[in-house]
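Student: how would this look folded up:
(one chain, ligands or ions: 4)
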Amino acid sequence: MIDLHSHTDRSDGTFTPDELVAEAVRVGLKALAITDHDTFAGYDAAVGPAALAGLELICGIELSTRYQGGSVHLLGYFPVTPPSEELRAWLRFILEMRRDRNLRLISKLQSLGVDITLSEVETMGRTLTGRPHFARVLVDKGYAKDIQNAFDLYLDESAKGFVHRQEVPMEEALERILGSGGVPSLAHPVRVAKNNWEKLAGYVEDLAGLGMRAVEVYHSDHSPENVSYYASLAERFHLGATGGSDFHGANKPLISLGTGKRNNLHVPDALVDGLKELAARA
Ligand code: AMP
Ligand code: FE
Ligand code: FE
Ligand code: ZN
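Tutor: Ligands and ions are numbered 1, 2, ... in the order given. Below you'll find the model as predicted:
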């Protein structure tokens, strides 16, 4: 069993890098990719513990990009060579845009009568403060009954507190990942093109032309029908496949590392070698 999509508390998960490695060992993973949003801090901190535990650890990232007028998540994997200093510098710039969004989100929530400050929210996060940290504060202060409820009431794109975050263009994100020797993969396609299958096929064709190398075929939110369709799309456009649970610890309590939601996830072990081949592709 392997898992190529997971988050630590350095982005919006609740497990420390150490705890995530321990969990991977406990559930019997052969390989784990850490794909925190916008930062390698969780991966960096997990390298030592993973080596001690004999766990194969793969460096990854998840970016929110602008594509076709929407927000599309992009995974990047660095299974052979580590990401460049240039890529790391670019991520620091992305973190700055995040801080700007957080300031505006605080103002918006305050204008809605919510008693909340930036420092309260920032103490919830480590390297990065994201909406799940806002959600935690909203729950702790009684504005919502749980994390999901906080999103529904305040933080979701359709909710009253939502403010836009400046996102990087998909084209640039692809270039940056490829330029650093990485493998870009379209994250959880079930959330792309409102899951209109024809439209999605057009997007995947276009993205393949822009340098996308894989599709996240396996994911906790994918039905068996989704999985077969995304696998067929990957094959049709000569892309590889990736997959993982999208584990966030207590921030997404229904998702288990390696096995997804109620054992709905089965990521083939062979995808690890597949990733390495995709990285070597010229
Ligand atoms: P941010 O990158 O700070 O805008 O936060 C995005 C993260 O919030 C996502 O990666 C999810 O973990 C979480 N999230 C976004 N929308 C929702 C939602 N409607 N319900 C629950 N969690 C969400
Ligand atoms: Fe997340
Ligand atoms: Fe995502
Ligand atoms: Zn994710």
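
Student: tell me the contacts of the closest residue to ligand 4 within the stretch 1-150 of the chain?
Tutor: Taking Cβ to the ion as the measure, the point where the stretch 1-150 of the chain comes nearest ligand 4 is residue 62, at 4.7 Å. In short, each C-beta sits where N, CA and C put it, glycine included. Residue 62 makes contact with 5, 7, 11, 35-38, 73-76, 187 under the criterion Cβ atoms under 8 Å, 6 or more residues apart in numbering.

Student: Who does it form a beta bridge with?
Tutor: Bridge pairing for residue 62 (DSSP bridges) gives the partners residue 37, residue 75.

Student: Need the pLDDT of it.
Tutor: Reported pLDDT at residue 62 in the predicted model: 98.

Student: Residue numbers of the stretch 1-150 of the chain in contact with ligand 3?
Tutor: residue 73 (Cβ under 5 Å from the ion).

Student: quick one: the closest residue to ligand 1 within the stretch 1-150 of the chain from residue 137, how far?
Tutor: Evaluated by Cβ to the nearest ligand atom, the stretch 1-150 of the chain has residue 130 as its residue closest to ligand 1, separated by 2.9 Å. To residue 137, residue 130 is 12 Å away according to Cβ to Cβ, to the nearest Å.

Student: ok, now residue 100?
Tutor: 19 Å.

Student: cool, and residue 234?
Tutor: For residue 234, the distance to residue 137 - Cβ to Cβ - is 39 Å.

Student: what does residue 101 give?
Tutor: In terms of Cβ to Cβ, residue 101 sits 16 Å off from residue 137.

Student: related to what we said a few turns ago, out of the contacts of residue 62, who has the most neighbours?
Tutor: residue 35 (31 neighbours; other Cβ atoms under 10 Å).

Student: The closest residue to it other than its chain neighbours sits in which helix or strand?
Tutor: Closest residue to residue 35 apart from its sequence neighbours, by Cβ to Cβ, 6 or more residues apart in numbering: residue 60 at 3.7 Å. Taking DSSP states H and E as the definition, one finds residue 60 inside strand 56-67.

Student: More neighbours: which of residue 234 and residue 137?
Tutor: residue 234 (24 against 21).

Student: isn't the more buried one right up against residue 213?
Tutor: No - with contact defined as Cβ atoms under 8 Å, residue 234 does not count as touching residue 213 (9.9 Å).

Student: tell me, what's touching these two both at once?
Tutor: residue 240.

Student: which parts of the stretch 51-200 of the chain sit against ligand 4?
Tutor: Going by Cβ under 5 Å from the ion, the residues of the stretch 51-200 of the chain near ligand 4 are residue 62.

Student: For the residue in the stretch 51-200 of the chain that ligand 3 sits nearest to, which residues are in contact?
Tutor: Per Cβ to the ion, residue 73 is where the stretch 51-200 of the chain lies closest to ligand 3, at 3.8 Å. By Cβ under 8 Å, 6+ apart, the contact list for residue 73 reads 62-65, 187-188, 191.

Student: near ligand 1, which of the residues you listed show up?
Tutor: residue 64 (Cβ under 6 Å from any ligand atom).

Student: Weed out the non-buried ones from the contacts of residue 73.
Tutor: 62-65, 187-188 (16 or more other Cβ atoms under 10 Å).

Student: if we take those, which one ends up nearest to residue 271?
Tutor: residue 187 (14.6 Å; Cβ to Cβ).

Student: how about residue 15, what does it touch?
Tutor: 8-9, 23, 247, 249.

Student: The same query, at a cut-off of 6 Å, please.
Tutor: Contacts for residue 15 (Cβ atoms under 6 Å, 6 or more residues apart in numbering) come out as 8, 249.
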